[in-house]
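[1] Based on what follows, work out the 3D shape:
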Amino acid sequence: MTVLVTGATGSVGREIVRELLEWGERVRALTRHPESASFPPGVDVVGGDLTDPDSLRGVFDGVSAAHLITFGGELFAPLTTGPQIIDLAERAGVRRLTVLHGGGATPLESAVRASGLDWTVVMPVEFMSNALEWAPGIKEHDEVREPYADRLSAMVHEGDIGAVAAVALTEEGHAGREYLVTGPEVLSLTDKTKAIAQARGRAVALVELTPEEAQAQWRASGMPEDTVAFLVDVYGNTPPEGRTVTDVVPRVTGRPARTFAEWAAAHAEAFRAE
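    Predicted structure coming up:
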């Protein structure tokens, strides 16, 4: 049988695909733009849009398990097509689902939880790959400009998120579980910038912005107001879940969670001036 990965070109989706291929699973990758998608040999790449259930006819055929995302379309708005997607999956004989939690209640996740399928909710905290947003400032000015310099995060490697999802998609014993996926350590902004500096071989200065300066910077970059408000809240009032290490990665995957230093070393070139 085949495992379907939606959101397959995203940072987590690609990791799920990679993990499943390493285990010898048959993988079908769903993308809105199959003509431009790049995947390893052996991946069955199919076109479809989660906002348009009619475009998904046949996508679930022969699929035993599927990974779903909760946002879709060009603007990545919360999907409202959950009931139709679940109906297509159930009719095709899908047995297991994982869903990537989107930071709050969403219609698709609600539909997954209400389904009769074996579902697992994968709830990651801050992605390590978010640090790539600092790359331009580091490359050009050797600095990171952020508010709330004392905020803490148990940020997680996107590969570990993918590994947890891949296990839940292919093994028994994960139905009805909610997995809060974190990294192995709690880090400050200073810790993160030091790790990047070590990886790139050049110092990185941390410049603390006031909340007002940060909001102006985010708006100037074209960030929507709801995202600005979300960042002010999550950075200024990081919930305990975002700054508390869990044992989900080693417990589910059988291997240690990867550190931010490991991630930074693997992405060092992204932070080096050309």
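
[2] Please identify the helix or strand for the residue lying closest to Asp44 once chain neighbours are set aside.
    Closest residue in space to Asp44, ignoring its immediate chain neighbours: Arg28 at 4.3 Å, by CB to CB, 6 or more residues apart in numbering. The C-beta positions use only the backbone N, C-alpha and C, and glycine is treated the same way. Taking DSSP states H and E as the definition, Arg28 sits inside strand 26-31.

[3] which residues make contact with that strand from outside it?
    Residues outside strand 26-31 that contact it (CB atoms under 8 Å, 6 or more residues apart in numbering) are 1-9, 13, 17, 20-21, 37, 39, 42-48, 50, 56, 59, 63.

[4] of those, buried ones?
    Restricting the contacts of strand 26-31 to buried positions leaves 2-9, 13, 17, 20-21, 37, 39, 43, 45-46, 48, 50, 56, 59, 63, with burial counted as 16 or more other CB atoms under 10 Å.

[5] Inside helices: which ones of these?
    Gly13, Val17, Leu20, Leu21 (DSSP state H).

[6] Who are the contact partners of the closest residue to Ala77 other than its chain neighbours?
    By the measure of CB to CB, 6+ apart, the closest residue to Ala77 outside its immediate chain neighbours is Phe71, 6.4 Å from it. Shown in contact with Phe71 (CB under 8 Å, 6+ apart): Ala77, Pro78, Leu79, Gly102, Thr106.

[7] got a winner among these for most neighbours?
    Across the contacts of Phe71, the neighbour count under other CB atoms under 10 Å reaches its highest value at Leu79, namely 23 neighbours.

[8] For it, give its distance to Pro107.
    As defined by CB to CB, to the nearest Å, Leu79 lies at a distance of 6 Å from Pro107.

[9] The chain: strands as residue ranges?
    If you assign secondary structure with DSSP state E, the strands in the chain sit at 2-5, 26-31, 44-47, 63-68, 71-72, 77-78, 96-100, 118-124, 143-147, 152-153, 177-181, 187-188, 205-209.

[10] Direction included, what does the fourth one pair up with?
    When you say that, I think you mean strand 63-68. Paired neighbours of strand 63-68 in the sheet (DSSP bridges): strand 2-5 (parallel), strand 96-100 (parallel).

[11] Pipe these into TSV and attach mean pLDDT per row.
    Shown next, in TSV, are the strands paired with strand 63-68 (pLDDT from 0 to 100):
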stretch	mean pLDDT
strand 2-5	98
strand 96-100	98
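
[12] any idea where the helices of the stretch 151-274 of the chain begin and end?
    Ranges of helices in the stretch 151-274 of the chain, per DSSP state H, counting those that start in this stretch, are 158-170, 189-200, 211-220, 225-236, 248-253, 260-266.

[13] Highest mean neighbour count out of those?
    Scoring the helices of the stretch 151-274 of the chain by mean neighbour count under mean count of other CB atoms under 10 Å gives helix 158-170 as the most buried, with a mean of 25.

[14] tell me what that helix is packed against?
    Using 3 or more CB pairs under 8 Å, 6 or more residues apart in numbering; DSSP states H and E as the contact criterion, the neighbours of helix 158-170 among helices and strands are helix 11-22, strand 63-68, strand 96-100, strand 118-124, strand 177-181, helix 248-253.

[15] The longest one packs against which elements?
    Here helix 11-22 is seen to pack against strand 2-5, strand 26-31, helix 158-170 when contacts are counted using 3+ CB pairs under 8 Å, 6+ apart.

[16] got the contact list for it?
    Under the criterion CB under 8 Å, 6+ apart, external residues in contact with helix 11-22 comprise 3, 5-8, 27, 29, 39-40, 42-43, 67, 69, 100, 124, 127, 129, 158-159, 161-163, 165-166, 169-170.

[17] In a markdown table, list the helices and strands packed on helix 158-170 along with distance to Gln215.
    As requested, the helices and strands packed on helix 158-170 are arranged in a markdown table below (distance: least, CB to CB, whole Å):
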| stretch | distance to Gln215 |
| --- | --- |
| helix 11-22 | 25 |
| strand 63-68 | 33 |
| strand 96-100 | 27 |
| strand 118-124 | 25 |
| strand 177-181 | 29 |
| helix 248-253 | 33 |
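
[18] Between the strands of the chain, which one is closest to Thr238.
    Proximity to Thr238 (CB to CB) singles out strand 152-153 among those, at 6.4 Å.
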